[in-house]
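[1] Generate a structure from the sequence data that follows.
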Amino acid sequence: MFKELIDLLGERKPNKSEGKRASAVLYPNKINFDTYHKIGQKLWDWESSANVTTLQPDADDKDIGQTVRLHLDLTRYNFLFKKHERVLADKHLQKFLAAHGFQTYHELCEDALLVEIWEANEKIILVPTLNGGDSGRQRGFHSLDWKSISCNKEISNEDLGAIVRKAWRRCDE
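    Below you'll find the predicted structure:
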């Protein structure tokens, strides 16, 4: 049933020329990885799939790299989904928080180091973010593009995991 619904709505894997997106968030007690789906034509039209993988913070670099690749490969495109209305957005936020193991946005932001991960044109680009917390004008996570790290997508899982750790350190500099 679910597959037929997806086929009807037109969900698809990205073409080779289209980007893929994931994130890796380091907390004191865990690492969360999430996949993002393209839901519109604009550059910023991405939405979390709420398909989260959790690893221990002491996971080895190979496991981190492997998990990043898994989540990039889960990226889907579907231009038929409409932007959420406010009520639907609130439900999606609750689903997103639950998938990450939190009840409030404050818990999600607290002590979090988030790295946005993009794959495009045979490259993987890791973008550290500034954690602006859960309230105020600067709330949320803000890309620090000038601190980005780029590597060839053929890099080993172990090297990719080491680069993710380097990107987390850049979030905190």
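
[2] element containing residue 129, please.
    strand 123-131 (DSSP states H and E).

[3] Buried residues, that strand. List them.
    124-131 (16 or more other CB atoms under 10 Å). Yep, even glycine has a C-beta here, placed from its N, CA and C like the rest.

[4] Dump those residues to TSV, plus distance to residue 21 and pLDDT.
    Converted to TSV, these look like this (distance: CB to CB, whole Å; pLDDT from 0 to 100):
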residue	distance to residue 21	pLDDT
124	11	96
125	10	95
126	12	96
127	10	95
128	15	96
129	13	94
130	18	91
131	19	90
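
[5] just the residues you listed now: which is nearest residue 48?
    Using CB to CB, residue 129 is the member of those that lies nearest residue 48, at 14.4 Å.

[6] Thought residue 145 was touching the closest one, still the case?
    No: the pair residue 129 / residue 145 is not scored as a contact, 9.9 Å apart, by CB atoms under 8 Å.

[7] just the buried residues of strand 123-131 now: which is nearest residue 31?
    residue 126 (13.9 Å).

[8] Now for the closest residue to the closest one other than its chain neighbours, how many residues are close by?
    Setting aside the residues directly before and after it, residue 126 is nearest to residue 167 in space (CB to CB, 6 or more residues apart in numbering), at 4.1 Å. Residues within reach of residue 167, counting by other CB atoms under 10 Å, total 25.

[9] Let me see the contact set for residue 167.
    24, 115, 126-128, 147, 149 (CB atoms under 8 Å, 6 or more residues apart in numbering).

[10] Mind picking the two most distant members of those?
    Farthest apart among the contacts of residue 167 - using CB to CB - are 24 and 147, which lie 14.7 Å from each other.

[11] Comparing the two, which shows the higher neighbour count?
    Neighbours were tallied for residue 24 and for residue 147 using other CB under 10 Å; the higher tally belongs to residue 24 (25 against 18).

[12] For the helix or strand harbouring that one, give me every contacting residue.
    Under the criterion of DSSP H and E, residue 24 resides in strand 20-27. Defining contact as CB under 8 Å, 6+ apart, one finds that strand 20-27 is touched by 14, 31-36, 38, 46, 57, 64, 67-68, 71-75, 100, 111-120, 164, 167-168.

[13] quick one, strands of this protein?
    For the chain, the strands defined by DSSP state E occupy 20-27, 30-38, 46-55, 113-120, 123-131, 141-143, 149-152.

[14] Residue 107: which of those is closest?
    Comparing these by CB to CB, strand 20-27 comes nearest, at 9.5 Å.
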